[in-house]
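Colleague: Coordinates only, no sequence provided:
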Ligand code: NAD
Ligand code: GLY
């Protein structure tokens with residue numbers, strides 16, 4: 001645990017998790033006081049220009065500190081401030097990043113810094129992957145969800161009205177900087193949304209971690225720095241292990257989408273932003289556990305254990321009704337627009353035994369039973 005590693009200055013010792021990839025490996029730094037420290041940025045690619053990409057909620061809190069730190073390293077530090085929210089994870093908002101790059105004659109060495117949650121991170125990464133066919137970028141995740149999942153592993157994307165994250169690229173950052181201090185301004189609902197992606201790692205990969213989350217969920221919800229440090233580090237280690245084996249999701253990486261097939265349908269079906277990504281994933285995990293139980297892979301006790309933890313994390317345990325006349329039909333239609341679908345067949349991540357997961361097709365009739373059992377009008 002991190003609680004023993006407080007320095008005399010009151011800062012946590014910085015931890016490092018490495019993402020080992022064949023073409024280019026990189027580090028995730030986890031600690032406190034990282035954002036404003038010039039050393040945090042040592043060794044990043046040399047360039048004359050850095051562009052900070054942030055949004056209207058995060059920039060007023062943190063962009064000035066980042067600007068000052070980067071000015072010790074880059075001659076020109078520019079900013080582009082995007083509108084806030086999942087509803088803006090789209091082409092017109094992405095275009096604002098390209099506008100800033102081109103209007104300022106940014107060259108192909110320009111380094112982009114994503115300062116924000118998963119929305120800013122996914123869009124900045126996609127912009128970096130495409131501008132001049134690829135410029136370097138750095139992730140500075142400011143939400144718990146982004147620190148434990150979205151900033152790590154190189155998935156970048158925007159939404160399409162017909163499907164979540166359907167347009168994007170695999171493109172790895174140069175570094176991920178998880179400053180736990182930034183989580184202090186995060187609203188409680190967003191902190192809970194991040195807990196969904198932390199909980200996810202337990203049933204698919206690490207039962208000891210599931211035990212630990214159960215024992216520390218109250219501290220996590222209270223924003224305890226030592227508990228958050230451990231949760232971020234262990235989540236990143238598990239994600240690094242998976243991404244290191246299957247960077248482009250040829251197989252194994254899909255297990256990180258536990259709960260996401262249902263969750264993405266909820267996000268797009270409700271209209272992007274109505275339900276937070278973590279909330280969709282939370283109720284999606286309840287549905288995926290119910291499905292695993294119906295398939296005879298886990299027992300009712302394990303499914304109930306997950307549901308109770310999700311509730312204790314302040315997250316929804318039932319999906320919303322998306323269509324009063326044919327709710328299951330609506331879910332199925334939305335879920336067919338999923339990156340795991342093949343030739344129209346929806347694939348689900350199921351727990352094949354507690355602590356391990358796999359991807360498989362499931363007959364519609366069974367999926368309908370799950371949706372009927374796990375949704376309620378909100
Ligand atoms: P978000 O980026 O919308 O951030 C949530 C809200 O918190 C926003 O209003 C944001 O402005 C605000 N905020 C951010 N940091 C703050 C801070 N420190 N203090 C106060 N407010 C702050 O949402 P998110 O939950 O971070 O990310 C969700 C997105 O991540 C979704 O689009 C999802 O698809 C994506 N995602 C991607 C991956 C991946 O592998 N690339 C994995 C999981 C999720
Ligand atoms: N969040 C799922 C993945 O990165 O693969």
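Modeller: Perfect, thanks for sending it. This structure is a prediction, so every number in the text was calculated from the model and none was measured. Ligands and ions are numbered 1, 2, ... in the order given.

Colleague: show me the contacts for the spatially closest residue to residue 302 that is not a sequence neighbour.
Modeller: In this structure, residue 302 finds its nearest non-sequential neighbour in residue 354, 5.3 Å apart by CB to CB, 6 or more residues apart in numbering. C-beta here means a position set from N, CA and C on the backbone, and glycine is covered the same way. By CB atoms under 8 Å, 6 or more residues apart in numbering, the contact set of residue 354 is 203, 207, 298, 302.

Colleague: How much space separates the third one from residue 305?
Modeller: What that stands for is residue 298. Separation of residue 298 from residue 305 (CB to CB, to the nearest Å): 10 Å.

Colleague: okay, now the residue in the chain that ligand 2 sits nearest to: neighbour count?
Modeller: Taking CB to the nearest ligand atom, ligand 2 has its nearest neighbour within the chain at residue 256, 3.7 Å off. Neighbour count for residue 256, taken as other CB atoms under 10 Å: 23.

Colleague: try residue 202
Modeller: Neighbours of residue 202 (other CB under 10 Å): 25.

Colleague: And it, which helix or strand is it part of?
Modeller: Residue 202 is part of helix 188-205 when elements are defined by DSSP states H and E.

Colleague: Tell me the buried residues in that helix?
Modeller: 190-205 (16 or more other CB atoms under 10 Å).

Colleague: ditto for stretch 296-308
Modeller: Buried residues in stretch 296-308 (16+ other CB under 10 Å): 297, 298, 302, 303, 305, 306, 307.

Colleague: which SS state does residue 54 fall under?
Modeller: Secondary structure assignment for residue 54 (DSSP: H, G, I helix; E, B strand; the rest coil): strand.

Colleague: residue boundaries of the helices in this protein?
Modeller: Secondary structure of the chain by DSSP state H: the helices cover 59-71, 91-103, 118-130, 144-145, 188-205, 207-221, 225-245, 260-270, 277-294, 300-312, 327-335, 364-374.

Colleague: so can I have CSV of those helices showing distance to residue 11 and mean pLDDT?
Modeller: As requested, the helices of the chain are exported to CSV (distance: least, CB to CB, whole Å; pLDDT from 0 to 100):
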stretch, distance to residue 11, mean pLDDT
helix 59-71, 15, 98
helix 91-103, 32, 98
helix 118-130, 24, 98
helix 144-145, 19, 98
helix 188-205, 21, 98
helix 207-221, 19, 98
helix 225-245, 10, 98
helix 260-270, 35, 96
helix 277-294, 28, 98
helix 300-312, 30, 98
helix 327-335, 45, 96
helix 364-374, 44, 97
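
Colleague: quick one on the thing from earlier: which elements pack onto the helix holding residue 202?
Modeller: On a contact count with 3 or more CB pairs under 8 Å, 6 or more residues apart in numbering; DSSP states H and E, helix 188-205 meets helix 144-145, helix 207-221, helix 225-245, helix 277-294, helix 300-312, strand 347-353, strand 356-361.

Colleague: between those, which one is nearest to residue 186?
Modeller: Residue 186 lies closest, by CB to CB, to one member of the helices and strands packed on helix 188-205: helix 144-145, at 6.6 Å.

Colleague: Find the residue closest to the residue most central in space within the chain in space, skipping its chain neighbours.
Modeller: With distances taken as CA atoms, centre = their mean, the residue of the chain nearest its centroid is residue 150 (2.8 Å). Nearest non-adjacent residue to residue 150, counting by CB to CB, 6+ apart: residue 118, 3.6 Å away.

Colleague: Any residues of the stretch 251-378 of the chain in contact with ligand 2? List them.
Modeller: 253, 256, 257 (CB under 6 Å from any ligand atom).

Colleague: how about a cut-off of 5 Å?
Modeller: Within the stretch 251-378 of the chain, the positions near ligand 2 by CB under 5 Å from any ligand atom are 253, 256.

Colleague: For residue 274, give me phi and psi.
Modeller: Dihedral pair for residue 274: phi -70, psi -50, per degrees, to the nearest 10.

Colleague: how many other residues sit next to residue 269?
Modeller: For residue 269, using other CB under 10 Å, the count is 21.

Colleague: no, scratch that, I was asking about residue 61
Modeller: 14.

Colleague: Look up how far residue 96 lies from it.
Modeller: 20 Å.

Colleague: And for residue 230?
Modeller: With CB to CB as the criterion, residue 230 and residue 96 are 37 Å apart.

Colleague: is ligand 1 contacted by stretch 196-215?
Modeller: No. Using CB under 5 Å from any ligand atom, stretch 196-215 stays clear of ligand 1, coming no nearer than 6.2 Å.
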